[in-house]
Each structure stands twice: as structure tokens, then as C-alpha cells.
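[1] give the three-dimensional model of this entry:
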Amino acid sequence: MTLQSDGMKRTVAALLTLLLVFQAQPPARAVPTPELWETDLTLLANRTLPATVDLVIGPGVNISLEPDLDASPFQPLFLSMAGGFEVRGTAERPVRFLASNRSHYLHGSFGGYINITGNGEPQQIQARNCSFENLVLILNSSAGLFRDCTFDTCYLYISDSPVRFDNCTFAGAPASIFNPASLNETVLSGCAIDASGRDGRDPFWGHSMAFPAIRLSGYTRIEGCTIRGYGTGIQSSSGVPFITGCSIRDCGTGIELYTTDPDDTPVVEGCVIYDCSQLALEARGNLHLRDCVLANSTYGLVLYRYGSDPLPNWTLSGNRIYGNSQYGLSLYGSDVDPGDTLFDDGAGGTNGAGRVEKTSDLQVFLSNPEHLWPPDLVVNVTDAFGDPVPIVRSINNSYEAPFLTEYSIDNFGTRLDHYPYTVRAGFAKTARAEWRDIFCETAVPAGTANVTLRLAVLSDLVIREITLDPPFPRGGDWLAISCKVNNTGPSPSNRVPVLFTLDGEPLDRAELFPVAGRSFSFARAQDWKARPGTHTVTVRIDPDNELEENDEANNNLTFNFTVRAPPGPQPAGPSLPLVAGAMLVALVACAAALVAVRRRSRKGGT
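    From the prediction side, this is the model:
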């Protein structure tokens, strides 16, 4: 939600480099010699005044810095000094500092730089009724006062300088103030800082004016100022800024505060921040907010606490937040007592989404020993009402559900809790994949930042059938018992034992060779001499549970079969002697009959 331009970053980097040049400590202060400029002056080359010279500029004087574009098209001029700087302008006859070469804007530079290095004098700078145009003003460990001055299309870099700006005007001129030491306090009082009249172009890089009007790091007091038309009105990255009685409008974000030091507590009081396209005020770290109005923006007050941040000290009192299109108060990562905050304008105007919303991020980590993540993996997060929330995949097989709503309070003061959330991971059924629905589900209580789902995309050995050979055995047959095993997951790395039991007694312990994913394999017990009767054979894969599987319940299969009795003895037939005797009797009878027939034949023939 912080708005910055790349050009701004590069400009600041260049200025930091310049500070290294001018960082040398000033020599012991000798009796200064004043140098008086009372007529207009054009500088065509760099000019450096030693610490022993105090520059005094009379009223109505114009100082122009004109770089030689023929020699170096983009090389600015420097006016540098380490002595006193007194500008005696008046309302009728102001002093003007300018660089007329505006082509530098498109190349990350300005026509001229004025650098004032401190000399230890608390009143080193006394500048009144003067204007600075198309320039960079660098104050390095200097001190003093600018009163009734105008900065038009300038950039101010203020480092460790207790300088006061009274009733000054900044027109498209941002300021960066770096005061890490508590005793070096810069003050902006009664100043008008306005970029709304510009054409929307960044004077540094030609981009939109997305940079802050005032960027702070350290200790600064801003009182009674008006800020308008910048990406961010006031942006503080550390320290203890004190902001009071200011009016900030028409910015992307009105005030943005950040501190991780538990001893630093920025103070914002008596300010009116409104009509911001994003946030009226956001803070990460401590904040005392008193007697302020935050209105007519997208979000009113946004308070952050990230996981590693110390517990923030957020104190709210006497504030009014209304007219924002989303929530009046948005909390992330920690809670706060809104105190006596009013969430309406007193005439029925409230906030679009409600008074308060508390959110946090949820990291979902997937644990899978086999490190197999098929492309059809699905992870879902649903709230207490069963409604899905957005979730995105990040690195290392983790997912993030950002800004989960823990609870919300509507404009009538009714609280709605969205926890517990439910996280479920599994496989989507697809026609091309044979993966079963494997899932892991867990509830996420309020305040939980991380959960781990053990989605075991592991080997899953399933016994599909038990077969007999021969299929219909009889007593006395040698019987082979085999099993067919299907693996619905990845291949195990080692052989898997298979235990065969028959009628409750161990029959054999075989080994199943590694089964490739989504394929079949077989195991066979040693042959068994069948006994007539009904029998029960049970096959158990991985009987010692040494292999992690998705489903341990499908490792057993029982099969009942019957062994028939062996063939019985055949009925007894006549013995060979009896047969032979019968045949002999028959032959004798036949012979006797033949003899008798022949005898009768002879008698009849005589």
C-alpha cells in the first residue's frame, strides 16, 4: 500500500552518494568573513564557500545556476558552503534561487544543487522570503530557520539538521528528513505542501507523483501543515514523529508510519485526513492516535502487526472515522481496543463495509515424505460458514491464504466471527488420473498463523484378489496360494513383506517386489498339501507396519475356500479264477451239446 517511484529511489541513492562527499567535519570555527551578494548573479561553474565565509544575500537578488549544456548536457552545478547562510528577502523583494535548465527532470537530476554543511552554530541558516526553483537543497548537520520561503519543483534532503520551516510553501517539492538522533529535531510548522496543481508528472523521472510529500526517519515535528496531492502525505520509516493539527487530503495514503522499536511511539493528534484513494492512515508498530478525523477514503485506519514484530502499543482516543468505502478500522495480526472511537459523522454517515475488520494471514504447509506433488493437487480453505477464501501457492510446497477475516463488526455494532476456518487438501478427480481422493483436514482456531497438513501422497498397496491353483482342490493336492496387489501411490523403495495365514496359523512369509505406481504385482506362498474341509486364508501386506501408506486398512484380505475329499475305492468285480472257471464250464457245455447234435444226425442218416 506504499506508493513510491523508482525514480525517487534512484534520486535518493544519488543524494546519499553526494553526502559522502560533503560529510567531512568542519574545521574549528574561525572569525567568519561575510560575503555579501546584493546584485543578480549567474553561476556558470561550481562554487564552494569555505567555513570561514558567511554568505549574506540582500533582498530582491536572483541567483541562477546555469550549467554548460554544451560541455555536459546532464551535469548540474553545485553551490556549496559550510559557513553561515543568511537570506534577507522581504515580501516585496524576495530572493530567488533557480536553475533554468528543466531538461534535467527527465534524466533523474536537477539543474543545480545547494549544499549547506553544518558549522555547529544553532543559527547558521537564517532564510526569509526566498524561493528555490528546480533545485536540490541538501542540509547536512546544519541548523537554523527558513521562514516564508517557497520550494517549487525542488527536492529537500535534510540529514541530522535541527532546522525549522515556518509558513513555507512546497509546490511539487518533496522532502526527505533523516534525523536518527533525538536531539536533532526538524520542525515543519504552518507549511503548505501541495502537488495537486501539477500535471501529474514526477519532476524527477516523468512518472506520476507517487512519492511521499514528507519522508521521515527519526525525530521530526510536523504541526499545522496542509498536504495535498501526493502518493503519500507523510511517510515515516522509524523514530518518533510528532504530527499535530495537520490537514491531509487527496493523497494515495494520508499518513504511513512504521517502527519496530518498542520504545518508539509516533503520535498523531488533532489531524484531519480525508479523500485519500487508498488509506487515510496506516501504522505498523506503536501509535498514539488522538482527536483525529479519518474520512472519505477507501480505508480509514489500518493497523498492522507482522509475525516477528513485537506486540504493538496502539492507543486510540477521541477519534472519528466515517465515510470510508471499506472498513473504518482494519486490524492485521493484532487486536486493539477502539476506545471511544466514533464510526459515524453524527448525521447518519458510516463506513461502507462496517466499523472493524480483523484479519491475519494463514500459511498452509504440506508435509509429504515422498515429495510427490501431482499437478491436480487441490488445497481449499473455508470459513466458519463454509464459504471458500482465496489461497495461493507459494514456494516449498506451501500455500498462503492472505488476509483471512477473523471477525468483523458491522455499522450497527454486531460482531461476526469467521473462525474456525477449515483447511482441506486433496486430489481433484480427473478422468486421466487414477489417484483416489486422498485428503487431510484440520480446523484453524482464531489467531493461528501456520498449520501443517500431512497430505501423505504415499504408497498404498491394496490386495485385489487371492487365487488358488488348482482352483478347486481335493484333499492331497499340492495347492499354490497367490495374491494380486495394486499400488495406487508411488513405488516403495524396498521390498514389502507379505504374510499368509491359513486357519489362523502362519503359512508362509513372502516378499513383494517394489510395485511401480499405479500398477500390479503378485506374491505367492509355498505350496500347501490340501486337507479336505473349509479353510480360511488371510493375506496381510506389511504386517509389521514398516511402510507408510495412505491407507493401512486395505492391507488385509481374507478368502474362504473348500477342499473336496479325494476319490474313494472302486466297487469289487469277479476274480480271474472264477471267470476262467465259468468260461471252462461254458466251453464244456458247448462241446457236449455239439457231440449230442452230431450223434442224432448220424442216427437219422442210417
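[2] switch to C-alpha atoms for all contacts and neighbour counts from now on
    Will do.
[3] I'd guessed residue 563 sits against residue 531; true?
    Yes. Residue 563 is within contact range of residue 531, at 6.3 Å (criterion: C-alpha atoms under 8 Å).
[4] identify the contacts common to those two.
    With contacts taken as C-alpha atoms under 8 Å, 6 or more residues apart in numbering, residue 563 and residue 531 have 474-475 as neighbours in common.
[5] could you list the low-pLDDT ranges of the stretch 101-250 of the chain?
    101-109, 181-184, 197-210 (pLDDT under 70).
[6] all helices for it, in order.
    With DSSP state H, counting those that start in this stretch, there are no helices along the stretch 101-250 of the chain.
[7] for the chain, name the helix or strand with the lowest mean pLDDT.
    Sorting the helices and strands of the chain by mean pLDDT, DSSP states H and E puts helix 6-22 at the bottom, at a mean of 48.
[8] and the next helix or strand past it?
    Using DSSP states H and E, the helix or strand that follows helix 6-22 in sequence is strand 33-37.
[9] show me what that next one is packed against.
    Using 3 or more C-alpha pairs under 8 Å, 6 or more residues apart in numbering; DSSP states H and E, the elements in contact with strand 33-37 are strand 53-57.
[10] pairing partners for the strand it packs on, with directions?
    strand 33-37 (parallel), strand 85-88 (parallel) (DSSP bridges).
[11] residues making contact with the next helix or strand after the last one?
    This means strand 85-88. Counting by DSSP H and E, the next helix or strand C-terminal to strand 85-88 is strand 95-98. For strand 95-98, the external contacting residues (C-alpha under 8 Å, 6+ apart) are 57-65, 87-89, 112, 129-135.
[12] which ones among those residues lie within strands?
    Mapping these onto strands (DSSP state E) picks out 57, 62-65, 87-88, 112, 130-133, 135.
[13] out of the residues you listed, the closest to residue 420 would be?
    Nearest to residue 420, judged by C-alpha to C-alpha, of the ones in strands among the contacts of strand 95-98 is residue 135 at 57.1 Å.
[14] which strand residues bridge residue 236?
    The partner residues for residue 236, given DSSP bridges, come to residue 216, residue 257.
[15] might you report the residue contacts of it?
    215-218, 256-258.
[16] same question for residue 461.
    485-489, 541, 549, 554-555.
[17] distance of it from residue 532?
    As for residue 461, its distance to residue 532 is 32 Å (criterion: C-alpha to C-alpha, to the nearest Å).
[18] now swap in residue 324 and tell me
    Residue 324 is 87 Å from residue 532, by C-alpha to C-alpha.
[19] looking at the two, which one has more neighbours?
    residue 324 (32 against 16; other C-alpha atoms under 10 Å).
[20] quick one: contacts for residue 453?
    By C-alpha under 8 Å, 6+ apart, the neighbours of residue 453 are 364-367, 425, 440-442.
[21] go on, residue 113?
    Residue 113 neighbours (C-alpha under 8 Å, 6+ apart): 76-79, 135-138.
[22] all the helices of the stretch 501-606 of the chain, residue numbers only.
    576-605.
[23] would a markdown table of the contacts of residue 113 with distance to residue 346 and neighbour count be doable?
    Output for the contacts of residue 113, formatted as a markdown table (distance: C-alpha to C-alpha, whole Å; neighbours: other C-alpha atoms under 10 Å):
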| residue | distance to residue 346 | neighbour count |
| --- | --- | --- |
| 76 | 55 | 22 |
| 77 | 56 | 22 |
| 78 | 55 | 21 |
| 79 | 55 | 17 |
| 135 | 46 | 28 |
| 136 | 46 | 26 |
| 137 | 45 | 20 |
| 138 | 46 | 23 |
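[24] can you redo the residues you listed as JSON lines with distance to residue 237?
    Compiled in JSON lines, the contacts of residue 113 are given as follows (distance: C-alpha to C-alpha, whole Å):
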{"residue": "76", "distance to residue 237": "30"}
{"residue": "77", "distance to residue 237": "31"}
{"residue": "78", "distance to residue 237": "29"}
{"residue": "79", "distance to residue 237": "30"}
{"residue": "135", "distance to residue 237": "25"}
{"residue": "136", "distance to residue 237": "22"}
{"residue": "137", "distance to residue 237": "21"}
{"residue": "138", "distance to residue 237": "20"}
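[25] in strands only, show me these.
    Using DSSP E, those in strands are 77-79, 135-138.
[26] could I have the buried ones of the contacts of residue 461 as ChimeraX selection syntax?
    Command for ChimeraX, covering only those of the contacts of residue 461 found buried under the criterion 16 or more other C-alpha atoms under 10 Å:
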select :485,486,487,488,489,541,549,555
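[27] pLDDT added to the contacts of residue 461, as a markdown table?
    Formatted as a markdown table, the contacts of residue 461 follow (pLDDT from 0 to 100):
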| residue | pLDDT |
| --- | --- |
| 485 | 88 |
| 486 | 84 |
| 487 | 80 |
| 488 | 70 |
| 489 | 67 |
| 541 | 91 |
| 549 | 75 |
| 554 | 83 |
| 555 | 89 |
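[28] what's the closest of the contacts of residue 461 to residue 153?
    residue 489 (66.8 Å).
[29] for residue 402, give its distance to residue 450.
    12 Å.
[30] mind checking which of the two has more residues around it?
    In this view residue 402 and residue 450 are compared by other C-alpha under 10 Å, and residue 402 has more residues nearby, 15 against 12.
[31] which element is that one on?
    strand 398-409.
[32] direction included, what does that strand pair against?
    strand 354-366 (antiparallel), strand 392-393 (antiparallel), strand 415-417 (antiparallel).
[33] would you mark the buried spots in that strand?
    For strand 398-409, using 16+ other C-alpha under 10 Å, the buried residues are 398-401, 403-409.
[34] go on, stretch 336-350?
    Buried-residue list, stretch 336-350, by 16+ other C-alpha under 10 Å: 341-344, 350.
[35] so what touches that stretch?
    Contacts for stretch 336-350 (C-alpha under 8 Å, 6+ apart): 314-324, 328, 351, 355, 411.
[36] before we move on, the earlier item: let me know the closest of the contacts of residue 453 to residue 418.
    residue 442 (15.5 Å).
[37] same for the host helix or strand of the closest one, what does it pack against?
    For residue 442, the element it lies in under DSSP H and E is strand 440-444. Using 3+ C-alpha pairs under 8 Å, 6+ apart, the elements in contact with strand 440-444 are strand 421-427, strand 450-453.
[38] let's go with 10 Å and repeat that
    strand 377-382, strand 421-427, strand 450-453 (3 or more C-alpha pairs under 10 Å, 6 or more residues apart in numbering; DSSP states H and E).
[39] which residues does the residue lying closest to residue 537 once chain neighbours are set aside contact?
    In space, and not counting its chain neighbours, residue 537 is closest to residue 502: 4.5 Å by C-alpha to C-alpha, 6 or more residues apart in numbering. When contacts are counted by C-alpha atoms under 10 Å, 6 or more residues apart in numbering, residue 502 touches 508, 528, 535-539, 558-560.
[40] could you rerun that using 7 Å?
    536-538 (C-alpha atoms under 7 Å, 6 or more residues apart in numbering).
[41] whichever of those end up buried, select them in PyMOL.
    Under the burial definition 16+ other C-alpha under 10 Å, those of those that qualify are selected in PyMOL by:
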select buried, resi 537+538
